[in-house]
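In: Compute the structure for the input listed below.
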Amino acid sequence: MNVLAVGCHPDDLEIGCGGTLAKLASQGHNVTMVHVANGDKGHKLIKPDELIQIRRLEAKAAGQLIGAEVISLEVPDLSVKSDQDELISKLVKVIRKVKPDYIITHPPEDYMKDHMEVSRAVFDASFAATVPNYNNEADEEAHDKVAPIYYMDTLAGVGFLPTEYVDISDFIETKIQMNDCHQSQIKWLYEHDGIDFLDFVRTVSKFRGLQCGKAYAEGFIQCQAWPRLTTVRLLP
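Out: From the prediction side, this is the model:
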């Protein structure tokens, strides 16, 4: 299968579904990780231009751990707008290229607006990508189906009750390694907020594991909108 994961900032996918992506890759599926925002405002001391370069390399290193293709759409932080045609067009281009069997992204409600805007933009783009005459100056082949969407966890699992779980017990260390690639964020959060973020990620994965009888797990909710539903279990 082709699996497209779309997160907002360069480390969001590693936090929310890194174990699932590692598991998918280990099973031979093609995994593409897209970061909509460039993460330019994710540090108090490092200036945006320098931080963009750092975070781009961090994201690439995390993706390389599981053999995933990593794409950045280079939207500045706090400027993600789902009602802008430019963002929808960029996502449509990615979807038409990847032709995903399903998409993983942020839930409609999360702790910050950029995440929610990405969720909305992915929903809209997944439909637009199937419309042959939508924004198709490059004569791209439209996707042949509106891909099912799975919403990954919110940060810290707040306000999110999963309906599907993925056992990531064999991939928790890979998930931690993927997150550890984002040292600009790990150090910043520890030094300025006193948060051990690797422990944070491990704890949430263990909490989700407790809910489904596994050592570690990640939780998801499938988007309940026609024609994205299926009788097939797509998550690993």
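
In: Just the residues contacting the lowest-mean-pLDDT helix or strand in the chain, thanks.
Out: Scoring the helices and strands of the chain by mean pLDDT, DSSP states H and E places helix 183-193 at the bottom, with a mean of 90. By CB atoms under 8 Å, 6 or more residues apart in numbering, the surrounding residues in contact with helix 183-193 are 11, 42-46, 51, 54-55, 58, 179-180, 195-198. C-beta: built from backbone N, CA, C; applies to glycine.

In: Nearest to residue 221 among those residues?
Out: residue 11 (21.2 Å; CB to CB).

In: The nearest residue to that closest one once chain neighbours are set aside: what's it in contact with?
Out: Using CB to CB, 6 or more residues apart in numbering and skipping residues adjacent in sequence, the residue nearest residue 11 is residue 182, 4.2 Å away. By CB under 8 Å, 6+ apart, residue 182 lies in contact with 10, 11, 14, 55, 58, 59, 62.

In: ok, so of those, who is nearest residue 36?
Out: Of these, the one sitting nearest to residue 36 (CB to CB) turns out to be residue 10, at 9.7 Å.

In: circling back to that earlier point, buried ones in the least confident helix or strand of the chain?
Out: 184, 185, 186, 188, 189 (16 or more other CB atoms under 10 Å).

In: Please apply the same query to stretch 32-43.
Out: Quick answer for stretch 32-43 (16+ other CB under 10 Å): 32, 33, 34, 35, 36, 37, 38, 39, 40, 42, 43.

In: what's the answer for stretch 69-84, then?
Out: Going by 16+ other CB under 10 Å, stretch 69-84 has these buried residues: 70, 71, 72, 73, 75, 77, 80, 82.

In: Am I right that the fourth one sits in a strand?
Out: Read it as residue 73. Yes - looking at residue 73 with DSSP: H, G, I helix; E, B strand; the rest coil, it is inside a strand.

In: Just the C-alphas of the host helix or strand of residue 31, formatted as PDB.
Out: Element membership of residue 31, judged by DSSP states H and E, is strand 30-37. Output of strand 30-37 as PDB, limited to C-alpha atoms (Å, rounded to 0.1, in the frame of the first residue of the first chain):
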ATOM      1  CA  ASN A  30       5.500   2.900   0.900                       C
ATOM      2  CA  VAL A  31       5.400   5.700   3.500                       C
ATOM      3  CA  THR A  32       5.400   9.400   2.600                       C
ATOM      4  CA  MET A  33       5.700  11.900   5.400                       C
ATOM      5  CA  VAL A  34       4.600  15.500   4.500                       C
ATOM      6  CA  HIS A  35       5.200  18.500   6.800                       C
ATOM      7  CA  VAL A  36       3.000  21.400   5.900                       C
ATOM      8  CA  ALA A  37       4.700  24.000   8.000                       C
END
